[in-house]
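1. Provided below for reference: sequence and predicted model.
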Amino acid sequence: QRDATGRTALELAVEAEKRDTALALLLIATAKFTKPLPSPLPVPLLQRLQGWLGQAGAEKENAMGVLLQQYQGHLARGP
């Protein structure tokens, strides 16, 4: 679901720098990092999530894989 401006709850949490909420939403949105995010995130938000995941626990590798898929999508679409 998206708000009136088209942003997801995950995007809003990252923008508001709510680390724990954003990481929980990432976990939910990706079914515990087993599937890609349903919609692309802007690169600045991906970078912030990546920084937070660098401090995260054991599932960090799977979560980083989800973010890598997002970066690949941005690269495939081009500038």
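-> Received the coordinates, thanks.
2. what strand or helix carries Leu37?
-> In this structure, Leu37 is located outside every helix and strand according to DSSP states H and E.
3. quick one, what contacts it?
-> Contacts for Leu37 were tallied using Cβ atoms under 8 Å, 6 or more residues apart in numbering; they are Leu10, Leu26, Ala29, Thr30, Val66, Gln69, Gln70. Where C-beta positions appear, they are placed from N, C-alpha and C, glycine not excepted.
4. gap between it and Gln70?
-> Distance, Leu37 to Gln70, by Cβ to Cβ, to the nearest Å: 6 Å.
5. can you check Ala31 too?
-> 16 Å.
6. for these two, indicate the residue with more neighbours.
-> Gln70 (20 against 9; other Cβ atoms under 10 Å).
7. got a list of what the more buried one touches?
-> Gln70 touches Pro36, Leu37, Pro40, Leu41, Leu46, counting by Cβ under 8 Å, 6+ apart.
8. over to Pro40?
-> Pro40 sits in contact with Gln70, Gly73, His74, where contact means Cβ under 8 Å, 6+ apart.
9. just the ones of the residues you listed in helices?
-> Counted as lying in helices by DSSP state H, out of the contacts of Pro40, are Gln70, Gly73, His74.
10. quick one: the last one and Val43 touch, right?
-> What it means is His74. Yes. Assessed by Cβ atoms under 8 Å, His74 is found in contact with Val43 at 6.0 Å.
11. settle it for me: which of those two has more neighbours?
-> His74 (14 against 11).
12. list the residues that contact that one.
-> His74 makes contact with Pro40, Val43, Leu46, according to Cβ under 8 Å, 6+ apart.
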